[in-house]
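Undergrad: predicted model and sequence follow; I will ask about them next.
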Amino acid sequence: MTNHTDDLDNIVANIQQLGQLRDRLQRLEETDYMIAYHKGYSNSGATLDEVQAEMAALAEEIAVLESQIEDTAW
């Protein structure tokens, strides 16, 4: 029974992390990217290239988590 509970806990943790990553990516796309595009830097001081790199890294992390969640046997 513990194995099933541990698996469920991992799934819940992955889903929560996925939500946080998606929120962060959305903020980057809607705010930081636009500000950096127009000003050359974001509110946090990141350049457009740095914002784009963070967006790409988050998108990759999101894809990995989505794959892990999909691969989970229910």
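TA: Yep, it's here.

Undergrad: which one is the residue nearest the centre of the chain nearest to, not counting chain neighbours?
TA: A centroid search over the chain (Cα atoms, centre = their mean) returns Leu21, at 2.4 Å, as the residue closest to the centre. Computed as Cβ to Cβ, 6 or more residues apart in numbering, the closest residue to Leu21 that is not its neighbour in sequence is Ile62, at 5.1 Å. Any C-beta I mention is one placed from the backbone N, CA and C, and that applies to glycine too.

Undergrad: what helices or strands is the strand or helix carrying Arg22 leaning on?
TA: In this assignment (DSSP states H and E), Arg22 forms part of helix 2-27. Counting contacts by 3 or more Cβ pairs under 8 Å, 6 or more residues apart in numbering; DSSP states H and E, helix 2-27 packs against helix 48-71.

Undergrad: pLDDT on the helix it packs on, on average?
TA: Averaging pLDDT along helix 48-71 gives 95.

Undergrad: pull the distance from it to the chain's centre.
TA: Taking the mean of its C-alpha atoms, helix 48-71 sits 5 Å from the chain's own mean (Cα atoms, centre = their mean, to the nearest Å).
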